[in-house]
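Chemist: Pasting the sequence and the predicted model now:
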Amino acid sequence: MKETLEKIKLQSVKELESVQSQKELEELRIKYLGKKGELTQVLRGMGGLSPEERPVIGQLANEIRDYINEKIEETAYCLKRKDLEIRLGKEFIDVTMPSKRKALGNKHPLTKVQDEINQIFIGMGFTIVEGPEIEKAYYNFDALNHSKYHPARDMQDTFYFTEEILLRTQTSPMQVRTMELQKPPIRVLVPGKVYRRDEIDATHSPMFHQNEGLVVDKGITMANLKGTLDVFAKKLYGEDTKTRFRPHHFPFTEPSAEMDCTCSACKGAGCRVCKYEGWIEILGAGMVHPNVLRNCGIDPEIYSGFAFGMGLDRIALLKYDVEDLRLFFENDKRFLSQF
């Protein structure tokens, strides 16, 4: 049996020297060390040896098994090195070439305009506040001087969950919530999504964005409103921008007005963007109606205030000279990458 073991050792070494692949190496390992391998078969025959021979043959078999294992590992390492050298010889990497860069995203144009508006009003001492998009009819209509059968409710037809719970049609409810929680002086800007049952077209969407502003304090007048919005328009569209106010009606302000500014495209000369009028309407505003102040527990004999509301989407359309509102929501990278 000793001679058989020595023969297995010599034969395995000889065959390992001629191995050319990992597959051949694995076949040799199974041939000598597998469950049915030659070395295993010899060890199974140790039962016929005398007690004196067993430890000697067992030690020799273990030594040969360890020796063959070591040679297999050495051969495997050499084969890996050889494969690597062959692959490196075939492959070529130009380390001077620029790497493949992942395209980075950018802020959405509506977000960029909103950030700019926020900074303008923060610079004038306003605080940014946000509120729920699912709102109570009381805050969306009643507290803002829209009684249950007020015709203005039809103009703001929205999506109802119940008779008293709805998707807000404006961010104005946060004006009421703010006045309920905070006593004057108040100076807040309320941005956010709003919802109305509008047909989707180039200038309308059932979901859009608004900014509502509110100032309440002693001695607030229409002059404060005009001055604030004039500064806003100049900061947003340029210092040469002019503004004008036209009388209008809103249930929650009295007196009320719509504000126009000179067209940012033609600077008031008249062009396609402003329909050759030189002016573009950008928001509605007015002095807070005394009823709204009373509904919030503020005495209109002591305090007065102004409020304004603008559509962020419309502001962005005018700022970037975009003709179709739907482009802002289609997620077309060709459009968004321009900003």
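Modeler: Yes, it's here.

Chemist: Show me which positions of stretch 273-287 end up buried.
Modeler: By 16 or more other Cβ atoms under 10 Å, the buried positions in stretch 273-287 come out as V273, C274, G278, W279, I280, E281, I282, L283, G284, A285, G286, M287. For glycine as for every other residue, the C-beta is placed from the backbone atoms N, C-alpha and C.

Chemist: Closest one to Y160 out of the residues you listed, please.
Modeler: Nearest to Y160 among the buried residues of stretch 273-287: G284, at 24.3 Å, using Cβ to Cβ.

Chemist: hang on, that closest one is in a strand, isn't it?
Modeler: Yes: counting by DSSP: H, G, I helix; E, B strand; the rest coil, G284 is found in a strand.

Chemist: Which strand residues bridge it?
Modeler: Here G284 sits in beta bridges with E258, G309, going by DSSP bridges.

Chemist: Pull the contacting residues for it.
Modeler: Applying Cβ atoms under 8 Å, 6 or more residues apart in numbering to G284 gives the contacts H248, F250, S256, A257, E258, M259, F308, G309, M310.

Chemist: thinking again about what came up before, farthest-apart pair in the buried residues of stretch 273-287, please.
Modeler: The most widely separated members of the buried residues of stretch 273-287, counting by Cβ to Cβ, are V273 and M287 (30.7 Å).

Chemist: re earlier: please list only the buried members of the contacts of G284.
Modeler: Buried members of these, counted by 16+ other Cβ under 10 Å: F250, S256, A257, E258, M259, F308, G309, M310.

Chemist: Averaged pLDDT, the helix or strand that contains the second one. What do you get?
Modeler: Think S256. Here S256, judged by DSSP states H and E, is contained in strand 253-262. Across strand 253-262, pLDDT averages out at 93.

Chemist: Tell me which other helices or strands that strand touches.
Modeler: Strand 253-262 is packed against helix 222-237, strand 243-250, strand 279-288, strand 304-311, with contacts defined by 3 or more Cβ pairs under 8 Å, 6 or more residues apart in numbering; DSSP states H and E.

Chemist: Apply 6 Å and report the result again.
Modeler: Contacts defined by 3 or more Cβ pairs under 6 Å, 6 or more residues apart in numbering; DSSP states H and E place strand 253-262 against strand 243-250, strand 279-288.

Chemist: which element follows the last one toward the C-terminus?
Modeler: Read that as strand 279-288. Next along the chain after strand 279-288, taking DSSP H and E as the criterion, comes helix 290-295.

Chemist: Find out how far that following helix is from the centre of the chain, if you would.
Modeler: 39 Å (Cα atoms, centre = their mean, to the nearest Å).

Chemist: number of nearby residues for G89?
Modeler: By other Cβ atoms under 10 Å, the residues close to G89 number 8.

Chemist: Surely it is in a helix?
Modeler: Yes: assignment of G89 by three-state DSSP places it within a helix.

Chemist: residue contacts, it?
Modeler: Contacts for G89 were tallied using Cβ atoms under 6 Å, 6 or more residues apart in numbering; there are none.

Chemist: need the helices for the stretch 1-150 of the chain, in chain order.
Modeler: 2-17, 22-33, 38-44, 53-90, 109-122, 137-140 (DSSP state H, counting those that start in this stretch).

Chemist: for the first one, what is the average pLDDT?
Modeler: If I follow you right, that is helix 2-17. Mean pLDDT, helix 2-17: 78.

Chemist: ok so, going back, return the member of the contacts of G284 nearest to Q22.
Modeler: Proximity of the contacts of G284 to Q22 (Cβ to Cβ) peaks at M310, which lies at 71.1 Å.

Chemist: Just give the nearest non-adjacent residue to the closest one, would you?
Modeler: L283 (3.7 Å; Cβ to Cβ, 6 or more residues apart in numbering).

Chemist: so what's I128 bridging to?
Modeler: On the basis of DSSP bridges, I128 is bridged to L189.

Chemist: can you count the residues close to it?
Modeler: 15.

Chemist: Kindly report the same for G219.
Modeler: Quick note: G219 (other Cβ under 10 Å) scores 7 neighbours.

Chemist: quick one: which helix or strand includes it?
Modeler: Here G219 is assigned to no helix or strand, by DSSP H and E.

Chemist: From I302, how far off is it?
Modeler: G219 sits 10 Å away from I302, going by Cβ to Cβ, to the nearest Å.

Chemist: how about G37, what does it touch?
Modeler: Counting by Cβ under 6 Å, 6+ apart, G37 makes contact with K31.

Chemist: Which residue is the nearest non-sequential neighbour of T158?
Modeler: T169 (4.7 Å).

Chemist: secondary structure class for the one you found?
Modeler: Looking at T169 with three-state DSSP, the answer is coil.

Chemist: Check the spacing between the most centrally placed residue in the chain and Q175 real quick.
Modeler: Closest to where the C-alpha atoms of the chain average out (Cα atoms, centre = their mean) is K107, at 8.8 Å. K107 is 27 Å from Q175, where distance means Cβ to Cβ.
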